[in-house]
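# structure here, sequence nowhere to be found:
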């Protein structure tokens, strides 16, 4: 059992006999009373997203997951192919299972596959990945004064805001939890 105040995006919980992945969590605290936790949950079987409000202090059952190290091999147009590093078995996953991770996946990248009763629920990425900038506007003298950033297209097709000094061809580290630029690699 896990307290609802400890729920984070990506957690898998068991509620009313169904498995749900936490999509979003917002905590609201009242003046004197206990707070409420509003959450958006995606039903893993049906794919439907539902909103659920919990009282602070409530507990929910966390799903029993097993984790297996795997390597991302390729995308064939319909499925993403992963290979279990323990027994070399290959798994073809639908794009809706991979979801938010698509923008971070590169060939030969190591990830963790999440299983529940031998069924793949999703993948867990490392906290940061190194990706190459394929397209961004050139830097002009004096641009650094504003302290802002500029849009950049990465090798996986993902868009991220980078500092003005980043140029095409450079490798950057991106946080997979927030999708933000961290540093040059």
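Done, it's in. Computed from a predicted model, the values in this text were never measured in an experiment. Residues are numbered from 1 along each chain as shown.
# can you pull the domain assignment for this protein?
2-62, 66-124, 128-184 (automatic domain parsing).
# with mean neighbour count added, can I get those in CSV?
The way it works is simple: take the backbone N, C-alpha and C, and place the C-beta from them, glycine included. What follows is those, written out as CSV (neighbours: other Cβ atoms under 10 Å):
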stretch, mean neighbour count
domain 2-62, 14
domain 66-124, 15
domain 128-184, 14
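# using TSV, please lay out these together with mean pLDDT.
Conversion of the domains of the chain to TSV gives the following (pLDDT from 0 to 100):
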stretch	mean pLDDT
domain 2-62	82
domain 66-124	86
domain 128-184	82
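# residue 102 in helix, strand or coil?
Following DSSP: H, G, I helix; E, B strand; the rest coil, residue 102 is assigned to helix.
# with adjacent residues omitted, what lies nearest to it?
Among residues not flanking residue 102 along the chain, residue 95 sits closest, at 6.8 Å (Cβ to Cβ, 6 or more residues apart in numbering).
# how far away is that neighbour from residue 18?
Residue 95 sits 22 Å away from residue 18 when distances are taken as Cβ to Cβ, to the nearest Å.
# and residue 171, by the same measure?
Noted for residue 171: a distance of 41 Å to residue 18, by Cβ to Cβ.
# residue contacts, the residue nearest to residue 102?
79, 80, 102 (Cβ atoms under 8 Å, 6 or more residues apart in numbering).
# let's have those in CSV, adding distance to residue 119.
Output for the contacts of residue 95, formatted as CSV (distance: Cβ to Cβ, whole Å):
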residue, distance to residue 119
79, 16
80, 16
102, 20
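# out of the residues you listed, who's nearest residue 56?
Nearest to residue 56 among these: residue 102, at 34.6 Å, using Cβ to Cβ.
# show me what contacts that closest one?
80, 95, 156.
# ok, now residue 30?
residue 36.
# how near is the closest residue to residue 93 other than its chain neighbours to residue 99?
Leaving out its chain neighbours, the residue that sits closest to residue 93 by Cβ to Cβ, 6+ apart is residue 80, at 4.8 Å. The gap separating residue 80 from residue 99 is 11 Å, by Cβ to Cβ.
# what does residue 162 give?
Using Cβ to Cβ, residue 162 is found at 24 Å from residue 99.
# what of residue 175?
Residue 175 sits at a distance of 17 Å from residue 99 (criterion: Cβ to Cβ).
# before we move on, which element is residue 42 in?
Using DSSP states H and E, residue 42 sits in strand 36-43.
# could you say what helices and strands that strand packs with?
In this structure, strand 36-43 packs against strand 18-28, strand 49-55, with contacts taken as 3 or more Cβ pairs under 8 Å, 6 or more residues apart in numbering; DSSP states H and E.
# try 10 Å
strand 12-15, strand 18-28, strand 49-55 (3 or more Cβ pairs under 10 Å, 6 or more residues apart in numbering; DSSP states H and E).
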